[in-house]
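In: heads up, no residue letters with this:
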């Protein structure tokens, strides 16, 4: 299990990835754009959102940071991105039962943004804001998704 700092951006994630990977002497950089994954024909993304960063990670000596863009079409769900709510904690846990337990406990008194579910990028993914206003992202296999999409692009 790992708890990872997760940064959200308003369309500038790619520039942030460049900046942080250089500043931290990244040993590994992975990034997937929304257009890299199959689109749901019932809910196609607007053309201007396909090139935005869906998920990325920067590994460096001492840790890992993950980043993504918040889609303009999702702001009705996530709210406007402002300094302060652009940082969240991402729990990456292979044990789905433990992931569900943490999700349940942290959601008490808070607000579930996306219930835990199977998605194209994870077999168990969800998001919530806890009672203190801290944003949390839960993922059972984020690294495997990034590796899979990136290996299929080459």
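Out: Nice, thanks for sending it over. Because the structure is predicted, anything quoted here is derived from the model rather than measured.

In: the residue most central in space within the chain pairs with what?
Out: For the chain, residue 55 is the residue whose C-alpha lies nearest the centre (CA atoms, centre = their mean; 5.2 Å). On the basis of DSSP bridges, residue 55 takes part in beta bridges with residue 32.

In: report the secondary structure element holding residue 38.
Out: Secondary structure from DSSP states H and E places residue 38 outside every helix and strand.

In: burial of it, as a residue count?
Out: Other residues lying near residue 38 total 6 when counted by other CB atoms under 10 Å. For the C-beta atoms, the positions are set from N, CA and C on the backbone; glycine is no exception.

In: need the pLDDT of it.
Out: Per-residue pLDDT puts residue 38 at 88.

In: please name the nearest non-neighbouring residue to it.
Out: Nearest residue to residue 38, sequence neighbours excluded (CB to CB, 6 or more residues apart in numbering): residue 120, at 6.3 Å.

In: does the residue nearest to the centre of the chain touch residue 32 like I think?
Out: Yes. In this structure, residue 55 is within contact of residue 32 by CB atoms under 8 Å, at 5.0 Å.

In: list of residues touching the helix or strand where residue 103 lies?
Out: When secondary structure is defined using DSSP H and E, the element that contains residue 103 is helix 96-107. When contacts are taken as CB atoms under 8 Å, 6 or more residues apart in numbering, the neighbours of helix 96-107 outside the stretch itself are 1, 91, 93, 116, 123, 124, 126, 128, 130, 136, 138, 140.

In: quick check: the farthest pair among these?
Out: Of all pairs drawn from the contacts of helix 96-107, the one with the longest distance (CB to CB) is 123 and 130, at 23.4 Å.

In: before we move on, the earlier item: buried ones only from the contacts of helix 96-107, please, as a ChimeraX command.
Out: If you want just the buried ones from those in ChimeraX, going by 16 or more other CB atoms under 10 Å, the selection is:
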select :91,93,116,124,126,128,130,136,138,140
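
In: for residue 73, state which of the contacts of helix 96-107 is nearest.
Out: Checking those against residue 73 with CB to CB, the nearest one is residue 126 at 19.5 Å.
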